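Peer 1: I would like the atomic coordinates for the input below:
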Amino acid sequence: MFKHKIKVLLIALVCFIFLNNVYAKSDTTYDELRKMIDIMEIIDNKYVEERENSELVIGAIRGLVRTLDPYSQYMTEKDYKEMKTETQGSFGGVGIRITIQNNELTVVTPMPDTPAYYAGILPEDKIIKIDDKSTQDITSDEAVKLMRGNPGTKVVLTIYRPSTKEELTFTIIRKKIKIETVKKKMLDGNIGYIRLSEFNAQSYGDVNSMLKELSKENMKGFIFDLRNNPGGLLDSAINICSLFVKENSLVVSTKCKDKTMEQYYYTQKKPEFANIPVVVLINRGSASASEIVTGTLQDYKRALVIGSNSFGKGTVQTILPLSDGSALRLTIAKYCLPSGRMISHSDNKKDKKNGITPDIYIEVSPETEGKLYMQAESEGSPKGKDKDKKEEIKDEVLETAIKIIKAGKVGEYIEKPSKYEQDFPKEEVKKDTKEENNTEKKTDESVKEK
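Peer 2: Numbers count the residues shown, from 1 in each chain. Alright, predicted model coming up:
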């Protein structure tokens, strides 16, 4: 009976192949499917425990989809219903954006003012266990499901931190996640500053109104902080680009297998801030829509980009419901910037140039970025005001942006970023003479001891 059912499935799949005009591949595909059927029959006859045939088929489908990329996923009818419910409701959680990177469950960024953020979770942390469950071969949706729960309940995350090669355990109390997505302030020298933590339906309106308020205060330059921004709505990203780039300019296009499905997205409005100097700040936690905005402004030489390489999430997913109530989340396209650049993350671990490469590269450790993130969030709070100024961490990326705007050299460095190093060479750390003498003395003594 088992073999008969699988043969029916095989015939259906082979017919599908022929109907889709891939005759040249059909023989190979048929052989591979026969191999799968043989293995499933062996499991059915000889595996030590009973397994439902449907479980084996679902497992085979999930394995098939998992070979594509980290974002494609097969959802059973139950999974699909839960996903639709979750997108419409409000749930308790820990507050982190995650993805699968090189087959590892990876933190894109913790979200501001959330339990994960205050616990000290950092971008690029690898989550190796959720409570007692290993994350090996887990999907991002399965991981989200495990981390979500009623506010007030706890979840234990075991993470591996690549930057320090440590394994750390965090016990985190879930809470209802509410995010303040945008903040603004006027910095010294009439430099406007806006930090956007994600792109939602309100982001364009918020950023536009804040820029208008800063302009009334005689803003001379603008810093757009997209560090640790994991992305969001594409429309929001396009509209924000419209504030700085001329009307009817290409923002992003999609590259698909089916050329007729490719799409092109253009700015729709006249730019209200076409002439103000702009600096965009990014880091390893900047992904998706934030990479589209950064890359577009960089391509049109409309903004100077400072920081470290962004995450590299440049793909488009769609959800395709299936006849039995299940669904397939499938990557159908890759985003392409106006210059033709792709921003997708590479699966090659040796490739360090993922995402958007900044004009001026400043390496900051994940630990320092995490502390800067918390420092920025605490500004304006009673605790932040009472903080000892000596404890504050220097934000080298932000300070560099301020220095360049004050020097009036944004446009100059957009054209030739390397000139920044000539104008502002790194200062060599000079050792104290006494310290040098002491070091020499200790060295001599150590030599004598040998």
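
Peer 1: just checking, what packs against the top helix by length along the chain?
Peer 2: Secondary structure of the chain per DSSP state H: the longest helix is helix 23-46. Judged by 3 or more Cβ pairs under 8 Å, 6 or more residues apart in numbering; DSSP states H and E, helix 23-46 is in contact with helix 2-19, helix 53-66. In short, each C-beta sits where N, CA and C put it, glycine included.

Peer 1: quick check, residue 108 in a strand?
Peer 2: Yes. Judged by DSSP: H, G, I helix; E, B strand; the rest coil, residue 108 forms part of a strand.

Peer 1: nearest residue to it other than its sequence neighbours?
Peer 2: Computed as Cβ to Cβ, 6 or more residues apart in numbering, the closest residue to residue 108 that is not its neighbour in sequence is residue 97, at 4.1 Å.

Peer 1: Looks to me like that neighbour is in a strand.
Peer 2: Yes. With three-state DSSP as the criterion, residue 97 is assigned to a strand.

Peer 1: check contacts around it.
Peer 2: Residues in contact with residue 97, defined by Cβ atoms under 8 Å, 6 or more residues apart in numbering, are 107-111, 230, 287.

Peer 1: same thing with residue 358?
Peer 2: Residue 358 makes contact with 282, 305-309 under the criterion Cβ under 8 Å, 6+ apart.

Peer 1: contacting residues for the residue positioned nearest the centre of the chain?
Peer 2: Residue closest to the mean C-alpha point of the chain, counted by Cα atoms, centre = their mean, is residue 287 at 3.6 Å. For residue 287, the contacting residues are 97, 99, 108-109, 229-231, 310-313, 355, by Cβ under 8 Å, 6+ apart.

Peer 1: could you dump the residues you listed to CSV with distance to residue 57 and pLDDT?
Peer 2: Below are those laid out as CSV (distance: Cβ to Cβ, whole Å; pLDDT from 0 to 100):
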residue, distance to residue 57, pLDDT
97, 32, 83
99, 27, 82
108, 32, 83
109, 37, 81
229, 40, 91
230, 34, 88
231, 34, 89
310, 39, 94
311, 34, 89
312, 33, 90
313, 31, 88
355, 37, 89
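
Peer 1: Which member of those residues is positioned nearest residue 174?
Peer 2: residue 97 (16.0 Å; Cβ to Cβ).

Peer 1: hey, what's the closest one bridged with?
Peer 2: For residue 97, the beta-bridge partners under DSSP bridges are residue 109.

Peer 1: Now the buried members of the contacts of residue 287.
Peer 2: Buried subset of the contacts of residue 287 (neighbour count, 16 or more other Cβ atoms under 10 Å): 97, 99, 108-109, 229-231, 310-313, 355.

Peer 1: circling back to that earlier point, as TSV, the contacts of residue 358 with neighbour count would be great.
Peer 2: Formatted as TSV, the contacts of residue 358 follow (neighbours: other Cβ atoms under 10 Å):
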residue	neighbour count
282	31
305	26
306	25
307	31
308	21
309	18
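
Peer 1: farthest pair in the residues you listed?
Peer 2: Largest pairwise distance in those, by Cβ to Cβ, is 12.0 Å, between 306 and 309.

Peer 1: got any residues that touch both of those two?
Peer 2: 282, 358.

Peer 1: On the three-state scheme, the residue lying closest to residue 358 once chain neighbours are set aside is what?
Peer 2: Closest residue to residue 358 apart from its sequence neighbours, by Cβ to Cβ, 6+ apart: residue 305 at 4.4 Å. Following three-state DSSP, residue 305 is assigned to strand.

Peer 1: if we take the contacts of residue 97, which one ends up nearest to residue 395?
Peer 2: Using Cβ to Cβ, these come closest to residue 395 at residue 109, 16.6 Å.

Peer 1: Now do residue 253 against residue 324, distance only.
Peer 2: As judged by Cβ to Cβ, to the nearest Å, residue 253 and residue 324 stand 34 Å apart.

Peer 1: With neighbour numbers in mind, choose between the two.
Peer 2: Between residue 253 and residue 324, counted using other Cβ atoms under 10 Å, the more crowded position is residue 253 (18 against 8).

Peer 1: beta partners for that one?
Peer 2: With DSSP bridges as the criterion, residue 253 is bridged to residue 264, residue 336.

Peer 1: okay, now residue 341: neighbour count?
Peer 2: For residue 341, the neighbour count with other Cβ under 10 Å is 14.

Peer 1: Now it: closest residue in space, sequence neighbours ignored.
Peer 2: residue 295 is the one closest to residue 341 (Cβ to Cβ, 6+ apart), at 6.5 Å.

Peer 1: From the chain's centroid, how far away is whatever helix or strand the one you found lives in?
Peer 2: According to DSSP states H and E, residue 295 maps onto helix 289-299. Helix 289-299 sits 14 Å away from the centroid of its parent chain (Cα atoms, centre = their mean, to the nearest Å).

Peer 1: Then stretch 167-177?
Peer 2: 20 Å.

Peer 1: what does it rub up against?
Peer 2: 90-95, 111, 114-116, 119-121, 128, 147-161.

Peer 1: So which bits of it are buried?
Peer 2: So for stretch 167-177, counting by 16+ other Cβ under 10 Å, buried means 168, 170, 172, 174-175, 177.

Peer 1: same deal with stretch 54-74?
Peer 2: Going by neighbour count (16+ other Cβ under 10 Å), the buried part of stretch 54-74 is 56, 60, 65-66, 69-74.

Peer 1: Please work out how many residues are found near residue 42.
Peer 2: Using other Cβ under 10 Å, residue 42 has 10 neighbouring residues.

Peer 1: how much space between residue 223 and residue 404?
Peer 2: To residue 404, residue 223 is 10 Å away according to Cβ to Cβ.
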